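> Predicted model, plus sequence, below.
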Amino acid sequence: MTRFSSTEATDLWAVAERMADAARDAILPHFRSRNLSTDNKLASGFDPVTIADRAAETAMRAVLAEHRPDDGILGEEHGSVEGTTGLTWVLDPIDGTRSFISGTPTWGVLIALSDDTGPFMGLIDQPYVGERFMGGLGQARWTGPGRDDVLQTTTTATLADATLFSTFPEIGTEDERRAFQRVSEAVKLTRYGCDCYAYALLAAGQIDLVIEAGLNAYDIQGPIAVIEAAGGIVTDWTGAPAHHGGTALAAATPELHAQALNKLCGASQ
């Protein structure tokens, strides 16, 4: 990971929070609007995008143009920009657009800062609820209405005691669904539908596992940094780095991660 002084780290966090604030301002006027229009990005299937997605990313890019113009950008809605500093801001303006258009507050704004080794700083923001989860460069904290607390994952060490989240019951391919089911059958509780908010709950010590497939880099880089700062571990389903997307296994403890990984790989325990 690139090394930064405390002053540099403070400045980077200030930029990240400015971006999150700008995204909030761009998004909230559209949330639960009766007149919200939705476009479908897929010719076959449904991958929605709204004016709020595009406006939020535009607003974040404007902050970067003012404060960090030489850094790279990878965003879901407006593509990539090469930088000259070796740093890339990875932006998902609304992770969980399906939830957004349905009126449920489980979507969020994802921001990560990465170098050639992956993300080392991340932010998950839920504008409607007013919660912000931050991890990396000396931060592991969350703020919400009347709250300001540290992020710390649980100490859960066995699948039998674990709570597992995933966005969709119909996760990934048929083989991936079978692998997920092996873990689901071994845990105490499985829940669905939280989008990026599930990763925030894991970092905050409310749940123990998140398992997903079919991810893009901008879906997972922010959560990786937040969860790792809180003491958790995130890899793909083979135990390799997950920051390029694909599959993700996020766990509160190394012990729990190892057990879930064995199940995903089809090994017996």
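Looks like it arrived, so ask away.

> Counting neighbours, what do you get for residue 90?
Residue 90 is flanked by 28 other residues according to other C-beta atoms under 10 Å. Yep, even glycine has a C-beta here, placed from its N, CA and C like the rest.

> Where does it fall, secondary structure wise?
strand 88-95 (DSSP states H and E).

> Let's see the helix or strand following that strand as PDB, backbone CA atoms only.
Following strand 88-95 in sequence order, the next helix or strand is helix 97-102 (DSSP H and E). Provided in PDB are the C-alpha atoms of helix 97-102 (Å, rounded to 0.1, in the frame of the first residue of the first chain):
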ATOM      1  CA  THR A  97     -30.300   0.800  -7.700                       C
ATOM      2  CA  ARG A  98     -33.000  -1.900  -7.700                       C
ATOM      3  CA  SER A  99     -33.500  -1.100  -4.000                       C
ATOM      4  CA  PHE A 100     -33.400   2.600  -4.700                       C
ATOM      5  CA  ILE A 101     -36.200   2.500  -7.300                       C
ATOM      6  CA  SER A 102     -38.200   0.300  -4.900                       C
END
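
> Pull the distance from helix 97-102 to the chain's centre.
With C-alpha atoms, centre = their mean, to the nearest Å as the basis, helix 97-102 stands 16 Å off its chain's centre.

> Neighbouring strands - and their directions - for whichever helix or strand comes after that helix?
Per DSSP H and E, the first helix or strand lying C-terminal to helix 97-102 is strand 108-115. When pairing is defined by DSSP bridges, strand 108-115 lines up against strand 88-95 (antiparallel), strand 118-126 (antiparallel).

> Could you identify which of those strands is most buried?
strand 88-95 (a mean of 28; mean count of other C-beta atoms under 10 Å).

> and it, how far from the chain's centre?
Using C-alpha atoms, centre = their mean, the offset of strand 88-95 from its chain centre is 9 Å.

> And stretch 227-246, by the same measure?
On C-alpha atoms, centre = their mean, the centre of stretch 227-246 falls 11 Å from that of its chain.

> What of stretch 258-269?
Worked out by C-alpha atoms, centre = their mean, stretch 258-269 lies 24 Å from the chain centre.

> Pull out the buried positions in it.
Buried residues in stretch 258-269, counting neighbours by 16 or more other C-beta atoms under 10 Å, are found at 259, 260, 261, 262, 263, 264.

> What segments of the stretch 151-269 of the chain are strands?
163-166, 189-192, 209-215, 233-235, 246-251 (DSSP state E, counting those that start in this stretch).
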